[in-house]
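Visitor: Turn this into a model:
(2 chains)
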Amino acid sequence: MEKKYEFSPETMAVVQKMMGRYPEGKQKSALLPVLHLAQAEFDGWLSAEAMDYVAQVLNITPIEVYEVASFYSMYNLKPVGKCLLEVCRTSSCWLMGSEDIVNHIEKKLGIKDGETTKDGQFTLKTVECLGSCGTAPMLQCGADFYENLTLEKVDNLLDNLRKDGERRTYIKDQKVNMD
Amino acid sequence: MGKKLLLEHIDVPGIQSLNVYRQKGGYETLKKALTSMTPEQIVEEVKTSGLRGRGGAGFPTGMKWSFLAKPEGVPRYLVCNADESEPGTFKDRYLMEKIPHILIEGMIVSSFALGANTSYIYIRGEYFYVARILENAIAEAYEAGLLGKNIMGSGYDLDLYVQIGAGAYICGEETALLESLEGKRGNPRIKPPFPAIAGLYGCPTVVNNVETIAAVVPIVKDGGAAYAQIGIGKSTGTKLISASGHLNKPGVYEIELGLPVEEFIYSEEYCGGIKNGKQLKAVVAGGSSVPILPAHLILKTAAGEPRLMSYEGLADGGFATGTMLGSGGFIAMDEDSSIVKNLWTFSRFYHHESCGQCSPCREGTGWMEKILHKILHGHGTLADVDLLWDIQSKIEGKTICPLGDAAAWPVASAIRHFRNEFEEYVKQGHSIKDVKHYYRLNHLPEPVN
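Guide: Below you'll find the model as predicted:
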């Protein structure tokens, strides 16, 4: 069956409210936040159909959506696992051992940077500075920051995320214990 | 103990909430501003305070405000830059997370001063949870009549919204931020016109960093002259420093500008020295964009004076022997750190974050990343080091926005101060196994005791 792209009534209400934040005729300003909502609602990524739907909601052309979605790194243009593990790799995190964290996750999950586990649970992605330099190394999963990582904490985190089984999105805090 | 203006009540339980914030004198400054001051008087106080933009550029805030065009019948906007993405910087996140109402209060006072009736806080997408904290704080403020129509019975109206980004360092550049807020790619605009004339939706706009706007609260509270008493010379007031890297106590510290770097690194009040009893090798003092300095130059100026944490103090000696205060992202590196590899993480960052508009930056950042990767993995030649120098010199000053400079300066400074380390990588070639723990202090021209 073909997947249907349509916001739930609750999300649509949020979108409508959001569009009221900008002056008349400037509804395009809502594009970035609305794309976040679309990504959360449509399985964690933005397909061409999802982007076309957003264009229709905001009454702008599809290309205006594509060029934005492809510019910003938080939009996934390909399917990702339920838990997108975004490990910071820039300076301070690197100095404090982010490479060890990445290697450990790669080994434990049997995937490389950018890949998804076969069961669709985890995707690993190295990212640039997330503003958590004083609590390095760190990773972000959904809206949640996991900081001062050790290999042991990463093990706990992965186990607890798998047990929980929920899809993580930026829209919702769903922090799990890792200590 | 240094004076605290922004973080004074940071440890008070519940300070996130409006009630506790008000118990500690919160929103008294707003009351003062709305009931006893004119917008012009507030702008004057900010000018008198000598406050300089805390996002990195250090431009005088009062002057920026006074440039704002005021044509009849055209709305004006205040936009808060909470896109904090400069590697090594996390002070705004800390401030917004711990004491959101100081930013909200600063936004209302500043919007009143500028005559804005709609203001936005543009926050980086990765800080979604912080955006929620701000939204809750804003909802509390509306509820209490501190936002919306006729604030505190003054007749002044203001709507304040949080806008979320989606992961692009370049949106910290003010015109890219405005593009992004309009729902577009974050491509910086050609200036002039400056945002003060044509900013958001083509209307006069002021864009200020989170910390800058928060600092307006103590300035209006105690007066610009009192603020100017704090600090040193033209570096007035306090500054939030994000300390990270190999330090015993990394974190966010509010310092009085003019604090000696040595005291900041080694005293128990601040960072408590270098981790694991190691020695300091180098510091990036103001976020990834500013020149890296070896330990002997960050602790003392070329003239042998103690180096001070202020705009002028860190810049002493120019780029030959000095650096910049920047955003206050203070990254300390111990004796085991590889300068070349750290630089590679920076160059990879700038390559990833270049918006692609200007060829020198779009192409040059990628070339620098590749050459550094080559050197790091033992395939480099001595000519590559010169090539790196050449490329950075051809990016600097040749782009629409300062990202080009920001990508060039770390490369230039690393070669300037640590050229021998690049050459060592080239000479060792394939025998380099563990680049992470390869270099020690004896490669420094002047080892630090």
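
Visitor: Kindly confirm my reading that residue B:281 is in a strand.
Guide: Yes. Remark: residue B:281 belongs to a strand, assigned using DSSP: H, G, I helix; E, B strand; the rest coil.

Visitor: Now do the phi/psi pair for the most far-flung residue of chain A relative to its centre.
Guide: What lies farthest from the middle of chain A is residue A:24; by CA atoms, centre = their mean that is 30.5 Å. When read as degrees, to the nearest 10, the backbone of residue A:24 gives phi -50, psi 130.

Visitor: Just the strands from chain A, written as ranges.
Guide: Counting by DSSP state E, chain A has these strands, from start to end: A:83-88, A:122-127, A:139-141, A:144-146.

Visitor: coming back round to it: what about the residue farthest from the centre of chain A, distance to chain B?
Guide: Distance, residue A:24 to chain B, using CB to the nearest CB, to the nearest Å: 10 Å. Any C-beta I mention is one placed from the backbone N, CA and C, and that applies to glycine too.

Visitor: which residues sit in contact with residue A:62?
Guide: Applying CB atoms under 8 Å, 6 or more residues apart in numbering or on different chains to residue A:62 gives the contacts A:51-52, A:55.

Visitor: could you redo the last one with a cut-off of 10 Å?
Guide: Contacts for residue A:62 (CB atoms under 10 Å, 6 or more residues apart in numbering or on different chains) come out as A:48, A:51-56.

Visitor: State the pLDDT value of residue A:3.
Guide: With respect to pLDDT, residue A:3 scores 71.

Visitor: residues in contact with the residue nearest to it when sequence neighbours are not counted?
Guide: Distances taken as CB to CB, 6 or more residues apart in numbering or on different chains put residue A:49 closest to residue A:3, at 7.3 Å, once the chain neighbours are dropped. Counting by CB under 10 Å, 6+ apart, residue A:49 makes contact with A:2-5, A:42.

Visitor: Quick one: classify the closest residue to residue B:264 other than its chain neighbours as helix, strand or coil.
Guide: Closest residue in space to residue B:264, ignoring its immediate chain neighbours: residue B:270 at 4.8 Å, by CB to CB, 6+ apart. Here residue B:270 is recorded as coil under three-state DSSP.

Visitor: number of nearby residues for residue B:270?
Guide: Per other CB atoms under 10 Å in any protein chain shown, the neighbour tally for residue B:270 reads 21.

Visitor: How about residue B:24?
Guide: 14.

Visitor: pretty sure it contacts residue B:13?
Guide: No. Counting by CB atoms under 10 Å, residue B:24 stays clear of residue B:13, with 11.2 Å between them.

Visitor: Give me the local confidence score for residue B:447.
Guide: 34.

Visitor: ugh, wrong one, I meant residue B:444
Guide: 41.

Visitor: For the closest residue to residue B:108 other than its chain neighbours, give me its contacts.
Guide: Of all residues not flanking residue B:108 in the chain, residue B:30 sits nearest, at 5.5 Å (CB to CB, 6+ apart). Residues counted as contacts of residue B:30 (CB under 10 Å, 6+ apart) are B:104-109, B:112, B:141, B:146, B:151-152, B:154, B:217, B:220-221.

Visitor: Likewise for residue B:268?
Guide: Residues counted as contacts of residue B:268 (CB under 10 Å, 6+ apart) are B:248-249.

Visitor: okay, and for chain B, where does confidence drop off?
Guide: B:1, B:430-449 (pLDDT under 70).

Visitor: Look at residue 71 and say how many residues are nearby.
Guide: Here I'm looking at chain A. 20.

Visitor: could you do chain B instead?
Guide: Residue B:71 has 9 neighbours, counted by other CB under 10 Å.

Visitor: what does the one 5 residues further on give?
Guide: Using other CB under 10 Å, residue B:76 has 22 other residues around it.

Visitor: sorry, back to before: now list the buried members of the contacts of residue A:49.
Guide: Among these, those classed as buried by 16 or more other CB atoms under 10 Å in any protein chain shown are A:5, A:42.

Visitor: Make TSV from the contacts of residue A:49 and add distance to residue A:168 to it.
Guide: As requested, those are exported to TSV (distance: CB to CB, whole Å):
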residue	distance to residue A:168
A:2	26
A:3	20
A:4	23
A:5	21
A:42	15
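
Visitor: closest to chain B among the contacts of residue A:49?
Guide: Ranked by distance to chain B (CB to the nearest CB), the contacts of residue A:49 are led by residue A:42 at 15.6 Å.

Visitor: Next one: the closest one from residue A:8, what distance?
Guide: Residue A:42 sits 11 Å away from residue A:8, going by CB to CB, to the nearest Å.

Visitor: Then residue B:63?
Guide: Counting by CB to CB - residue B:63 and residue A:8 are separated by 49 Å.

Visitor: So which residues of the stretch 151-300 of chain B form strands?
Guide: For the stretch 151-300 of chain B, strands defined by DSSP state E, counting those that start in this stretch occupy the ranges B:159-164, B:205-209, B:231-232, B:235-236, B:238-245, B:251-256, B:259-260, B:280-284, B:292-294.

Visitor: what's the single longest helix in the chain?
Guide: With no chain named, the answer covers chain A. For chain A, the helix with the greatest residue count under DSSP state H is helix A:151-164.

Visitor: oops, chain B please
Guide: Counting by DSSP H, the longest helix found in chain B is helix B:403-428.

Visitor: Residue B:63 and residue A:8: which is more packed in?
Guide: Set residue B:63 next to residue A:8 and count neighbours by other CB under 10 Å: residue B:63 wins out with 13 against 10.

Visitor: Roughly how far does that one sit from chain A?
Guide: The value you get for residue B:63 to chain A, if CB to the nearest CB is used, is 28 Å.

Visitor: now do residue B:205
Guide: For residue B:205, the distance to chain A - CB to the nearest CB - is 13 Å.

Visitor: go on, residue B:364?
Guide: From residue B:364 to chain A the distance is 18 Å (CB to the nearest CB).

Visitor: hmm, back to that, can you name the residues that contact the residue farthest from the centre of chain A?
Guide: Applying CB under 10 Å, 6+ apart, no residues contact residue A:24.

Visitor: Could I get the pLDDT score of it?
Guide: Residue A:24 is given a pLDDT of 94.

Visitor: ok, now how distant is it from residue B:201?
Guide: Distance from residue A:24 to residue B:201, by CB to CB: 10 Å.

Visitor: State the number of residues packed around residue 69.
Guide: You didn't say which chain, so I picked chain A. There are 24 residues near residue A:69, going by other CB under 10 Å.

Visitor: oops, I was thinking of chain B
Guide: Other residues lying near residue B:69 total 16 when counted by other CB under 10 Å.

Visitor: Now do the helices in chain A.
Guide: Using DSSP H, helices in chain A cover A:9-19, A:31-41, A:48-58, A:62-69, A:91-95, A:98-109, A:151-164.

Visitor: Please identify the most buried of the ones you listed.
Guide: Counting by mean count of other CB atoms under 10 Å in any protein chain shown, helix A:91-95 has the highest mean neighbour count of those, with a mean of 30.

Visitor: how close does the most centrally placed residue in chain B get to residue B:264?
Guide: Closest to where the C-alpha atoms of chain B average out (CA atoms, centre = their mean) is residue B:327, at 2.4 Å. From residue B:327 across to residue B:264, the span is 16 Å (CB to CB).

Visitor: for residue B:390, same thing?
Guide: 35 Å.

Visitor: Compare these two (neighbour count), which wins?
Guide: Set residue B:390 next to residue B:264 and count neighbours by other CB under 10 Å: residue B:264 wins out with 22 against 11.

Visitor: how close does that one get to residue B:376?
Guide: 31 Å.

Visitor: what's the neighbour count on residue B:48?
Guide: Residue B:48 is flanked by 17 other residues according to other CB under 10 Å.

Visitor: now swap in the one 10 residues further on and tell me
Guide: Neighbouring residues of residue B:58 were enumerated by other CB under 10 Å; the total is 18.

Visitor: ok now do it, which residues does it touch?
Guide: So residue B:58 contacts B:52, B:234-235, B:286, B:311, B:315, B:324-327 (CB under 10 Å, 6+ apart).

Visitor: now do 8 Å
Guide: Counted by CB under 8 Å, 6+ apart, residue B:58 has contacts B:52, B:311, B:325.
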